[in-house]
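Undergrad: build the 3D model from these lines:
(one chain, ligands or ions: 1)
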Amino acid sequence: MTQLEGLRAAMRQAGVDALWISDPANVRAVSGFSSGKDGKVLVTGDGAALYTDGRYTVQAQEESRIEQHIARPPETYQDAAERVRGGRVGFEAEHLTVAGLDALREHWEAELVPTRGLVEGVRLIKTPGEVQAIREAQALADRVFAQVRPMIRAGVRELDVALELETGLRRAGAEVGFDVIVASGPRGAMPHGVASERVVEEGDLVTIDFGARVRGYHSDMTRTVAVDRPSDEMRRVYEAVLEAEEAAVAAVRPGMRAADLDALARGILERHGLAEAFAHSLGHGVGLNIHEGPGLRKGSEDVLEPGMVITVEPGAYLPGVGGVRIEDLVLVTEDGYEVLSHTPKEKV
Ligand SMILES: CSCC[C@H](N)C(=O)N1CCC[C@H]1C(=O)N[C@@H](C)C(=O)O
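TA: Now for the predicted structure:
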């Protein structure tokens, strides 16, 4: 089944004849058009159309897998109005603005129905082409990390490490996937500690979390490295996080409940007295967005399936002291998993 066929099946289940797609990543996923923030897509039972404006005429022709309409609102809505007249039309409740919904109400004679997660559901399972883009992004990130690793020493600013990673990714032809996290010493206690002016010191652990973006698809990897010899306490924390990470990766397989994988890693950290220190979910899906389904967290209903690309990233954060996170990017395969990130995990 193609992704578009999968989406139509999801639309039927949701009881809608058509779907108005406004989330930029969903627009890109369905059409292939890379400037999703300046586009909308209408999917009907027997057609699919991309709406964008005259700035993108050539780009839309080159990139879009579906028919294109070049117009600006209100013409956009008027053209689509013909296709949806009298039907039940889903809109993306989590993404359409109030103003956007008002415009649809003004221009369409159709029943507007809020929907949730229809395109996102299709995006959970990557196509071979999507896996290839993520694989390339991660391979490139691994290479750049190896080039930058020698500069992570006492005396360097976090910002300069981030800059080298960003420049390396750019030079290699990728985009920077998200703000690079470089959190050294006590800043390591911030899971999202983007690089600061702090100068790395002897005895620090330094957490580096970064990703590339290739053809719109992200990679995501975290390594925590030691500068000289960290305290015994932080070395124990590192060993505990490593144990949790490796055990969770080894347990990845189709049929595994995402919530159980999270619980497995959490249980190991709990045994090491670090339950409270693990302040976020175990991981997430990766694709056109850096964070997408499945969610590897308590309460998640997601079940792993072949073709999902997920992160496994337990961490432990001790305010005022420091932190550790280790993250791999993992493809769920027919009989288990394949780790896409190949940067070695160092001894500390
Ligand atoms: C701003 S993108 C951050 C990418 C990073 N690898 C990541 O996903 N992190 C860093 C620590 C926690 C984790 C995260 O943000 N997880 C989300 C899904 C959560 O809500 O737990």
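
Undergrad: use CA for all of it now, contacts and neighbours both
TA: Will do.

Undergrad: how near is Asn289 to Arg297?
TA: 18 Å (CA to CA, to the nearest Å).

Undergrad: so those two - more neighbours on which side?
TA: Between Asn289 and Arg297, counting by other CA atoms under 10 Å, Arg297 is the more crowded of the two (21 against 18).

Undergrad: secondary structure class for the residue in the stretch 101-250 of the chain that the ligand sits nearest to?
TA: Relative to the ligand, the nearest point of the stretch 101-250 of the chain is Pro191 (4.7 Å; CA to the nearest ligand atom). Put simply, Pro191 is coil when judged by DSSP: H, G, I helix; E, B strand; the rest coil.

Undergrad: kindly tell me how buried the spatially closest residue to it that is not a sequence neighbour is, as a neighbour count.
TA: What sits nearest to Pro191 in space, not counting adjacent residues and going by CA to CA, 6 or more residues apart in numbering, is Tyr317, at 7.3 Å. By the criterion of other CA under 10 Å, Tyr317 has 22 neighbours.

Undergrad: Lys347 now?
TA: Residues near Lys347, counting by other CA under 10 Å, number 11.

Undergrad: contacting residues for it?
TA: By CA atoms under 8 Å, 6 or more residues apart in numbering, the contact set of Lys347 is empty.

Undergrad: got the contact list for stretch 167-187?
TA: 137, 140-141, 144, 158-159, 161-162, 166, 189-190, 192-196, 198, 200-201, 203-214, 218-219, 290, 319-323.

Undergrad: if you set the cut-off to 6 Å instead, what comes out?
TA: Contacts with stretch 167-187, where a contact means CA atoms under 6 Å, 6 or more residues apart in numbering, come from 144, 158, 162, 193-195, 204-214, 218, 320-322.

Undergrad: now, of those, which are buried?
TA: 144, 158, 162, 193-195, 204-214, 218, 322 (16 or more other CA atoms under 10 Å).

Undergrad: give me the spatial nearest neighbour of Phe210, chain neighbours excluded.
TA: Val180 (5.0 Å).

Undergrad: returning to what we had before: tell me the pLDDT at the residue of the stretch 101-250 of the chain closest to the ligand?
TA: For Pro191, the model assigns a pLDDT of 98.

Undergrad: that one: neighbour count?
TA: With other CA under 10 Å as criterion, Pro191 counts 21.

Undergrad: what's the distance between it and Leu269?
TA: 16 Å.

Undergrad: sec struct for the residue lying closest to Leu261 once chain neighbours are set aside, please.
TA: Closest residue to Leu261 apart from its sequence neighbours, by CA to CA, 6+ apart: Ala248 at 6.1 Å. With three-state DSSP as the basis, Ala248 sits in helix.

Undergrad: cool, and Thr311?
TA: The three-state assignment at Thr311 reads strand, by three-state DSSP.

Undergrad: how close does the nearest residue to Glu63 once chain neighbours are set aside get to Val27?
TA: Distances taken as CA to CA, 6+ apart put Phe33 closest to Glu63, at 5.2 Å, once the chain neighbours are dropped. Separation of Phe33 from Val27 (CA to CA): 7 Å.

Undergrad: the two - which one has more neighbours?
TA: Neighbours of Phe33 and Val27, each counted by other CA under 10 Å, are more numerous for Phe33; the result is 28 against 25.
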